[in-house]
Every structure is written in structure tokens, then in C-alpha cells.
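Asker: A structural model of the following input is requested.
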Amino acid sequence: MTVSKAIGDLVRAGLVLRRRKAGSFVAQPPIHSAILDVPDIAAEIRKRGHEYDYRLLKRNLRDPDHAKSVECDLAGNGQLVALQCLHSANGRPFAFEERLISVEAVPQSADADFSTTPPGTWLLGRVPWTTAEHRIAAIGAGAATARLLDVAAGKPCLLLERRTWHAGKAVTQVWQTFPGTSYDLTATFEPTRSQ
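Answerer: Residues are numbered from 1 along each chain as shown. Sure, this is the predicted structure:
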């Protein structure tokens, strides 16, 4: 009874996860990332001493959806590489990623093999970003995303939408969905004027 009560306290504190028919597991502490940076998920996970795994779920080369101005702006006069992938830490789903890459801005992306190298890692190593825009939202996991992240549908998640440019040319747009307990965004800053 004492052990059960102690584990219950750890579950409420977010330090232990209980899964029906699977047991109790030590929770992954969240990875902290500055909101003014473009982090490499693989490097962040490894930096914490965790085992990183990546799986490409879908890849295709396509024209932009002309009903979506963001896709048209990103594609310019070219096509888009559309990717879906799953990042894992210590064997647990960490983030579901959907990404579009402008072939006009990054021609080598059309033939790149993203089956073993995550697109974020690949881009950071080849195209230095000069401008980035983040949009952060709290969402409930939709059914398909919940299955991929191994969480209950509706579970609180963090959605990070990012667009990057190089010298004024749009490079990529990405949507990364993290279970609410696996990632947080932090910033250290000072006031712009004296108080």
C-alpha cells in the first residue's frame, strides 16, 4: 500500500507514467529549447544522454496546393518536398513532424534521402537560416497524431509551427507536435528600455 501511494504521488507530480497493461515508467523530463533558436531535435535528445530514433513515415514531391497561399509562397515557381516523420527518445514517441521544403530554395532536397537523416538536421547542415518565425499553440491530440505519439486522443500537446528563410527566400515550413510533457520552450531576455 505504501509503495502504491508513493508511485501515485510520483504519477501526480509527472515523474512516473502509468500505462494500462504495460506498467509504470519513469517519465522523460522535458527538453528545454529557446524560442529564439531553431533546434535540432536529434541533437537535443542526444545531448540529454537519451537514445534518439527517427522514422520517415511519408515523403513525396508535389506541387503546392493553390488554395493555400502559404504553400504557394513557399514553393515560389517550384515544387515542395512534403514529409511526415516521427522522432523518438529512449524508445518513446517524442514528436510528430510534418514538413514542407521549397525545392526552388533548396534544389538538392528533391533527391535527398530523408529515410535515415531527419529533415531538420539535414537542413541545418546545408542551408543556414537568416530569419525564422515561430507560432506556438496548445492543442488536443487528434486521433491520428495521438496514435503516433502513443497518447490518448485529446491529450494536451504543444504544436510548434516554424517557417524559415535564407536571405529573404522561403526555405521550409514545419509543424511539430509534442506530447505536453516532453518539450517546453524557454527564453531569457532583458527589457528593451530601462525601468
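
Asker: Give the buried residues for stretch 88-95.
Answerer: Ser88, Ala89, Arg92, Pro93, Phe94, Ala95 (16 or more other C-beta atoms under 10 Å). All C-beta spots, glycine's among them, are computed from the backbone N, C-alpha and C.

Asker: got the contact list for stretch 59-77?
Answerer: Identification of contacts with stretch 59-77 by C-beta atoms under 8 Å, 6 or more residues apart in numbering yields 79-84, 100, 102-105, 110, 114-115, 163, 169-170, 172-173.

Asker: Try it again at 7 Å.
Answerer: With contacts defined as C-beta atoms under 7 Å, 6 or more residues apart in numbering, stretch 59-77 is touched by Gln79, Leu80, Val81, Ala82, Leu83, Leu100, Ser102, Glu104, Ala110, Phe114, Ala170, Gln173.

Asker: Show me just the buried residues among those.
Answerer: So, by 16+ other C-beta under 10 Å, the buried ones in the contacts of stretch 59-77 are Gln79, Leu80, Val81, Ala82, Leu83, Leu100, Ser102, Glu104, Phe114, Ala170, Gln173.

Asker: Tell me which helix or strand in the chain has the weakest average pLDDT.
Answerer: Here the helix or strand of the chain ranked lowest by mean pLDDT, DSSP states H and E is strand 31-34, holding a mean of 48.

Asker: what about Gly168, how many residues close to it?
Answerer: Counted with other C-beta atoms under 10 Å, residues neighbouring Gly168 total 7.

Asker: all numbers from here: first residue = 15
Answerer: I'll keep to 15 as the first residue from here, and by that count the last item is Gly182.
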